[in-house]
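**Student:** The following comprises the amino acid sequence and a computationally predicted model.
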Amino acid sequence: MQKISDIKQLGVLLHEVRKEQGLTQEQLAAVCGVGIRFLRELEHGKATCHIGKVLHVLRILGIEVFARKQGESGS
């Protein structure tokens, strides 16, 4: 599990997983139904990306997202 504390870290994770799966940005954008520009901006950590689209791209790559309040147990 990896702690993501900002959009840049999320973009790096997305980039790494996409590369591990052997996908180009164009291929992933097509599979997700999003524009290539959106995907590039997401991988570069642009803060204005729409959260719904972000979650959809992560789901397509098999990345699960968990949230917890600060101070709660991580287990």
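**Tutor:** Yep, it's here. Numbers count the residues shown, from 1 in each chain.
**Student:** Surely Asp6 touches Gly45?
**Tutor:** Yes - taking contacts as Cβ atoms under 8 Å, Asp6 lies within contact range of Gly45: 7.3 Å. Glycine gets a C-beta too; all of them are placed from N, C-alpha and C.
**Student:** Looking at these two now, which is surrounded by more residues?
**Tutor:** Gly45 (16 against 9; other Cβ atoms under 10 Å).
**Student:** Setting the sequence-adjacent residues aside, check what's closest to the more buried one.
**Tutor:** Lys8 (3.4 Å; Cβ to Cβ, 6 or more residues apart in numbering).
**Student:** before we move on, what about Gly62?
**Tutor:** Val17 (7.5 Å).
**Student:** For the one you found, which residues are in contact?
**Tutor:** 61-63 (Cβ atoms under 8 Å, 6 or more residues apart in numbering).
**Student:** longest helix in the protein, by residue count?
**Tutor:** helix 7-20 (DSSP state H).
**Student:** Beyond that one, next helix or strand please.
**Tutor:** helix 25-32 (DSSP states H and E).
**Student:** Sticking with Glu72, tell me its helix or strand.
**Tutor:** Secondary structure (DSSP H and E) places Glu72 outside all helices and strands.
**Student:** so where's the chain shaky on pLDDT?
**Tutor:** 74-75 (pLDDT under 70).
**Student:** Go ahead and confirm the residue nearest to Gly45 touches Glu43.
**Tutor:** No - between Lys8 and Glu43 there is no contact under Cβ under 8 Å: 9.8 Å.
**Student:** Which one of the two is surrounded by more residues?
**Tutor:** A side-by-side neighbour count of Lys8 and Glu43, using other Cβ under 10 Å, places Glu43 first with 21 against 14.
**Student:** what's the spacing between the more buried one and Leu58?
**Tutor:** Note on Glu43: its distance to Leu58, by Cβ to Cβ, to the nearest Å, is 12 Å.
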